[in-house]
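Q: Give me the fold of what follows.
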Amino acid sequence: MRSGRFWRDFDYVLLGATVVLIVIGVVMIASATHGAIDPDLQARVSRQIIYAAVGLAAIFILAAIDYHFLTSTYLWIYGLVVGMLAIVGILGTVGELGAQSWINLGIIPVQPSELAKILLIVALAEHLTRNRTRIRQLPIVLRSLAFVALPTAFIFIQPDLGMTALIMAVWFVMVWAAGMRWQHVVLLVIVVLAMLPILWSVMEPYQRQRIVTFISPESDPDAAYNIQQALIAIGNGGASGRGYMQGPQSQLRYLRVRHTDFIFAVLAEEFGFPGGEAVLLLMALVTWRALRGAQVASDPEGSLICYGVATVLFLQTLVSIGMNMGVLPVTGLTLPFISSGGSSLITLLLGVGLVESVVVRRRAIE
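A: This is a model prediction of the structure:
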């Protein structure tokens, strides 16, 4: 591409909103870890800044790479995803709750499932495009489901139910955007409902407990403790907030995992309704720009990539804020660009880079 056209068509609104969210995230992580004596927590802010710098550089690199080159190698990308997730099962590090989701590369921990969700969008976009003339046939829909089922199964057995549900939701949106018939949607819903008892039986005890606690908090007061503290924090914020680093629930350590899963509660306590609303509006803007990329894309591959990225951004925001407000079960999904975590931040920025790659190669006339 000519340099002039690249910079003219680049989506600066998308980039700007993303950068603002990252800055908010760094500021809130600094508050959530203020006064910490744990060396890991003390280093969270500096690491988040480094991850952000790497991710922002990746946006421009991906935007400069024609996404058609990536989709043309979709089988290699798919093989890479399956290989990474298989290695996790062999060499992965077991976390506090028994989930084997991480690989330590020297001093840098990496969560392959985070990268997998973005790479699968690229691979699935090409897979669906190659079958777009037959996507209204049930066998083709099931073939696309089988395409994502193998890597998703590896994620499920780690176990990571939240990421599993997110990837399956991305598959549904992308196959629907590709032209799946509504009758097949009804059939899939029936199958999912029929499989719920089986899913329940193979879930880890702590995963079942999270759902039980969500439905009946009084059944396990200890498990419901952090949800209650998050609600108290959000209520404390009120209309104007308690002020930066002045939230009692976070600063007095009543709220656990406040720098990751429950960072929205910290933000709402310190900046009140305006702070929470600002984050929601910024996330809505980023998601809308990704959907706009799908509308102006020059071909089905680009459109499906943008739909996939928009789905990830929307659902992670919905689930993360929903569990902070007690209206959804705790899943461990991060609040995009805000929560502490290198794997999550960098992969989400890779998603933004994919959207930019589509946008700068959009149709000549919108």
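Q: can we go C-alpha only for contacts and neighbour counts from here?
A: Fine.
Q: Surely residue 357 and residue 69 touch.
A: No - using Cα atoms under 8 Å, residue 357 is not in contact with residue 69; the gap is 10.9 Å.
Q: of these two, who's got more company?
A: Between residue 357 and residue 69, counted using other Cα atoms under 10 Å, residue 357 has the larger neighbour count: 29 against 9.
Q: Just the strands from this protein, written as ranges.
A: For the chain, the strands defined by DSSP state E occupy 93-94, 100-105, 108-110.
Q: List the residues that contact residue 329.
A: By Cα atoms under 8 Å, 6 or more residues apart in numbering, the contact set of residue 329 is 210-211, 214, 322-323.
Q: mind checking how far it is from residue 73?
A: According to Cα to Cα, to the nearest Å, residue 329 and residue 73 sit 37 Å apart.
Q: do the same with residue 9
A: Residue 9 sits 25 Å away from residue 73, going by Cα to Cα.
Q: Same question for residue 118.
A: Noted for residue 118: a distance of 14 Å to residue 73, by Cα to Cα.
Q: the more surrounded of the two?
A: More neighbours surround residue 118 than the other of residue 118 and residue 73, with 22 against 13 (other Cα under 10 Å).
Q: so the more buried one makes contact with residue 349?
A: No - here residue 118 does not reach residue 349: they are 9.9 Å apart, not a contact under Cα under 8 Å.
Q: Could you tell me which of the contacts of residue 329 count as buried?
A: 210, 214, 323 (16 or more other Cα atoms under 10 Å).
Q: Quick one: low-confidence residue ranges for the chain.
A: 1-4, 92-100, 105-108, 363-366 (pLDDT under 70).
Q: I'd say residue 162 and residue 331 touch.
A: Yes - the criterion here is Cα under 8 Å, and residue 162 meets it with residue 331 at 5.1 Å.
Q: what number of residues lie near residue 143?
A: 15.
Q: oh sorry, the question was meant for residue 121
A: 29.
Q: what sits against it?
A: Counted by Cα under 8 Å, 6+ apart, residue 121 has contacts 170, 304-305, 308-309.
Q: and with 6 Å instead?
A: Contact analysis of residue 121 by Cα atoms under 6 Å, 6 or more residues apart in numbering lists 305, 308.
Q: Residue 229 too?
A: residue 255.
Q: how close does it sit to residue 216?
A: Counting by Cα to Cα - residue 229 and residue 216 are separated by 16 Å.
Q: so where do the helices sit in the stretch 201-350 of the chain?
A: Under the criterion DSSP state H, counting those that start in this stretch, the stretch 201-350 of the chain carries helices at the ranges 205-215, 221-237, 248-251, 263-296, 300-324, 342-359.
Q: Looking at those helices, spot the one closest to residue 54.
A: Closest to residue 54 of the helices of the stretch 201-350 of the chain is helix 342-359 (Cα to Cα; 7.2 Å).
Q: Helix 263-296 and that closest one, what's the angle between them?
A: Counting by axes from the mean of the first three to the mean of the last three Cα atoms, to 10 degrees, helix 342-359 lies at 20 degrees to helix 263-296.
Q: what angle sits between helix 342-359 and helix 300-324?
A: 140 degrees.
Q: now what about helix 342-359, what contacts it?
A: Helix 342-359 has contacts (Cα under 6 Å, 6+ apart) with 51, 55, 59, 62-63, 111, 114-115, 293, 302, 306, 309, 337.
Q: Among the residues you listed, which one is most surrounded by other residues?
A: Sorting the contacts of helix 342-359 by how many neighbours each has (other Cα under 10 Å) puts residue 306 first, at 32 neighbours.
Q: can you pull the contacts of that one?
A: Residues in contact with residue 306 (Cα under 6 Å, 6+ apart) are 290, 293-294, 355.
Q: what's the burial count for the residue lying closest to it once chain neighbours are set aside?
A: Leaving aside its chain neighbours, residue 306 sits nearest to residue 294 (5.0 Å; criterion: Cα to Cα, 6 or more residues apart in numbering). When neighbours are counted by other Cα under 10 Å, residue 294 registers 26.
Q: close enough to count as contact, residue 294 and residue 303?
A: Yes - counting by Cα atoms under 6 Å, residue 303 is a contact partner of residue 294 at 3.9 Å.
Q: tell me, how many neighbours does residue 151 end up with?
A: Counted by other Cα under 10 Å, the residues lying close to residue 151 total 24.
Q: who's in contact with it?
A: With contact set as Cα under 6 Å, 6+ apart, residue 151 has these partners: residue 82.
Q: and it, how far is that from residue 350?
A: For residue 151 relative to residue 350 (Cα to Cα), the value is 19 Å.
Q: just residue 196 next, same as before
A: Distance, residue 196 to residue 350, using Cα to Cα: 33 Å.
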